[in-house]
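**Q** I'll drop the sequence and a predicted model, then ask my questions.
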Amino acid sequence: MSDESVSQAAKPNEEYMQDLAPRPVESNSANSSDPSRTVIKVSDLTVGFGKTTIISGVNLMLTRGSIVALIGPTGSGKTTFLRSLNRMNDKVHGYFAGGSVLLGEQEVLTDRVDLLELRRRVGMLFQRPNPFPMSIRDNVLAGVKAHGLAKKSEHDQIVRETLERVGLWNAVSGRLHDSPFRLSGGQQQLLCLARSLAVQPEVLLLDEPTSALDPISVESVEKLLAELVSEITFIVVTHSLAQAKRISDHTMFFFDGHLKESGPTAQIFEDPRQPETQYYVSGRMG
Amino acid sequence: MKGKAALASDLARRTEEPQAPRVFRPTTKSPLGPVKIASTVSAVAPLLALLAILGILVHQALPAIKYNGLGFFVHNVWHPGNFYLQPVTTNGVLHPAQAEYGAWAIIAGTVLSSLIALVIALPASLGAALVISKLLGPRVRNALGVFLELLAGIPSVVFGLWGTLTIGPLLSRDIYPIVAKHMPDVIVLRWFRGSTGAGEGLLTSGIILAAMIIPIIASTSRDLFAQVPTLTEEGAEALGMTRMEVTTKVTVPWVSAGIIGATVLGLARALGETMAVAMVSGSVLGTLPTNIYSTFNTIAATIVTTLDSALIDGTGLAVRTLAEAALALMLVTLLANVGARLLVRKVSTTALPVGRGV
């Protein structure tokens, strides 16, 4: 069963890799890429809090249907960068951002953007499972209800489909009205993933999504990402180099607030151009 | 001979007893010492105190319970009887002639004034707690928190004085008449129509009580809201929920059991509040309120205002009736607590993270 799903899941990735092989993701060579496949385009992004600049001069372009891994030592600005994409830094005291983040045609870094709709389009999964204090069913539907995405008569179907998608249906179908806090940590994280998927996002930001999970749960989450990648672009912050190698098509290496190097995962790990990258991926740092 | 026997028994022990695998069970009993004695005493003390109070109260109230019967909880006549006539014995209880006691009006007054207070205080407290814990910066938050706790420390007689001298007259002059005039004549709202009185009454008491329990509910809820994990609230925000949705769907439900607890704490204070209500209730005995501005009385206020005259009753029935009223008050408070426990259980089973770290 696992062989089958892996090979199925691997297909879009391979296509994508071949498709993308001649062109790097950095916007320095943006003119060579096909704009219709661009999901997020970040130009010269600078982010800071108060008087401190956390990250500066980040450029990148992400195409539809890819998994991008963000690696780098703690404090290098990965999470700050990630949270800038769905404006989760907004309420942090003294937050400022410069440059531009384009989601499709929409500029994200402006007060004119509809924050709620932005966060529907750009979902987020956190370091630890964070189910809401409501039944399992209501957890799946929380976003759907908030955005008024479906009629009440369609809710049952959405719950079933979404839970089936994340492989949780068999485990919870008998207790949809129970508390989610009795599920295991891995199941809770899958439920949170289901909650994010239910609002049909274009991009999903994952902030060390498996750091609190056991290896078997990690495997099921990773498998899911591979299955869903044809519809959703994933940006994954991870401290596990092995995970970055396993799941991502592209890897971005952050160092000291800068995007030091970015490219196909194989190249970053096997043929890094920058000395810091080489040092980091060889396991001698972080 | 001796050595042979010893050898034999030694041999027998070795062959007959196959050694069981060693099992270590740690002793769970701690030795009896001063610490254990002290902690046992202090653990049992509250229970003993409660039982003692209940026991003495029941003992004191017993003649009144016998004499007043179930009518005590049903009718409203509050008449200590004629002290100048020869005392009479009924049901084995010596009592002044024509004495009659019915507490329905003061029980209803107690419950009604506390409910009015709760209706005002609960939304106000939750709003204040949410603003303080979620919207304000740390400096303002701490300053406001200090004021909230100071407010909780104001003596009730000060609230009572403020009610009779300032708020009561002000409300009855400028606010109540307007409300009474414009309130439609429909169910429930009908209660806001009619004579508005001089400022002493049910609504004024409810407002004063609300002011007294807001600090209790608000400061407890503020601490509760601060405990809601940021990660969970951020999850709701990242899903594209509005601030209102995050609050009503995640923040408040997360601590709903605690909020019920805080509310019961406030309710218990309102039910038992004596001085402030005695000063603004209008202290009328034996009549049910006809509208929300009516003068009325509560159990606690009745006890404190009639104790002096009750001591004049040579048969002791008046004092014993007050003891019975006190028992009724304890019963009402107990019922509120039991109701809250049931509510907490109901809320907890649906979704709350009970005893589980997230």
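**A** Great, that's in hand.
**Q** switch to C-alpha atoms for all contacts and neighbour counts from now on
**A** OK.
**Q** now the residue nearest the centre of chain B, nearest residue through space, not along the chain?
**A** Centroid-nearest residue in chain B, with Cα atoms, centre = their mean: residue B:268, separated by 1.5 Å. Of all residues not flanking residue B:268 in the chain, residue B:333 sits nearest, at 6.1 Å (Cα to Cα, 6 or more residues apart in numbering or on different chains).
**Q** now residue A:214
**A** Spatial nearest neighbour of residue A:214, chain neighbours left out: residue A:186 (7.3 Å); criterion: Cα to Cα, 6+ apart.
**Q** Now do the helix or strand encompassing that neighbour: which elements does it pack against?
**A** Using DSSP states H and E, residue A:186 sits within helix A:185-197. If contacts are counted by 3 or more Cα pairs under 8 Å, 6 or more residues apart in numbering or on different chains; DSSP states H and E, helix A:185-197 sits against strand A:122-125, helix A:136-147, helix A:155-165, helix A:215-228.
**Q** ok, residue 266 - how many residues close by?
**A** Defaulting to chain A. By other Cα atoms under 10 Å in any protein chain shown, the residues close to residue A:266 number 14.
**Q** switch to chain B, that's the one I care about
**A** Quick note: residue B:266 (other Cα under 10 Å) scores 25 neighbours.
**Q** Residue A:267 too?
**A** For residue A:267, using other Cα under 10 Å, the count is 13.
**Q** how much space between it and residue A:261?
**A** Distance from residue A:267 to residue A:261, counting by Cα to Cα, to the nearest Å: 10 Å.
**Q** likewise residue B:283?
**A** Taking Cα to Cα, one finds residue B:283 at 81 Å from residue A:261.
**Q** These two: who's more crowded?
**A** For the pair residue B:283 and residue A:261, the greater number of neighbours falls to residue B:283 (20 against 17), based on other Cα under 10 Å.
**Q** dump the residue contacts of the more buried one.
**A** Residue B:283 sits next to B:295, B:296, B:297, B:301, B:302 when contact means Cα atoms under 8 Å, 6 or more residues apart in numbering or on different chains.
**Q** Can you tell me the element it falls in?
**A** Using DSSP H and E, residue B:283 sits in no helix or strand.
**Q** What score does it have for pLDDT?
**A** On pLDDT, residue B:283 comes in at 85.
**Q** quick one, phi psi at it?
**A** For residue B:283, the backbone dihedrals are phi 40, psi 50 (criterion: degrees, to the nearest 10).
**Q** Same check on residue A:251?
**A** phi -130, psi 140.
**Q** Neighbours of it, how many?
**A** By other Cα under 10 Å, the residues close to residue A:251 number 27.
**Q** how about the residues of the stretch 151-286 of chain A near chain B?
**A** Contact residues (Cα under 8 Å from any Cα of the partner chain) of the stretch 151-286 of chain A with chain B: A:177, A:178, A:179, A:180, A:181, A:196.
**Q** One more pass at 10 Å, please.
**A** Remark: the part of the stretch 151-286 of chain A in contact with chain B comprises A:177-182, A:185, A:188, A:192, A:195-197, A:199, A:201, A:205, using Cα under 10 Å from any Cα of the partner chain.
**Q** Closest one to chain B out of those, please.
**A** Distances from chain B to those, taken as Cα to the nearest Cα, are shortest for residue A:179 (4.1 Å).
**Q** The residue of the stretch 101-250 of chain B found nearest chain A sits in which helix or strand?
**A** Closest to chain A within the stretch 101-250 of chain B is residue B:240: 4.2 Å, counting by Cα to the nearest Cα. Under DSSP H and E, no helix or strand contains residue B:240.
**Q** so what's it up against?
**A** Going by Cα atoms under 10 Å, 6 or more residues apart in numbering or on different chains, residue B:240 touches A:86, A:114-123, A:142-144, A:146-147, A:199, B:234, B:246.
**Q** Grab the nearest non-local neighbour of it.
**A** Nearest one to residue B:240, counting by Cα to Cα, 6+ apart, is residue A:116 at 4.2 Å.
**Q** my guess is that neighbour meets residue B:242, correct?
**A** Yes. In this structure residue A:116 lies within contact range of residue B:242 using Cα atoms under 10 Å: 7.1 Å.
**Q** ok but residue A:58 is inside a strand, no?
**A** Yes. Remark: residue A:58 belongs to a strand, assigned using DSSP: H, G, I helix; E, B strand; the rest coil.
**Q** and it, how many neighbours does it have?
**A** Based on other Cα under 10 Å, the number of other residues close to residue A:58 is 21.
**Q** ok so, going back, my reading is that the residue nearest to residue B:268 lies in a helix. Confirm?
**A** Yes. Under the criterion used here (three-state DSSP), residue B:333 sits inside a helix.
**Q** gap between it and chain A?
**A** 30 Å (Cα to the nearest Cα, to the nearest Å).
**Q** still on that earlier bit, if you count neighbours, what's buried in whichever helix or strand the residue nearest to residue B:240 is part of?
**A** If you go by DSSP H and E, residue A:116 is part of helix A:115-121. Buried residues in helix A:115-121, counted by 16 or more other Cα atoms under 10 Å in any protein chain shown: A:115, A:116, A:118, A:119, A:120, A:121.
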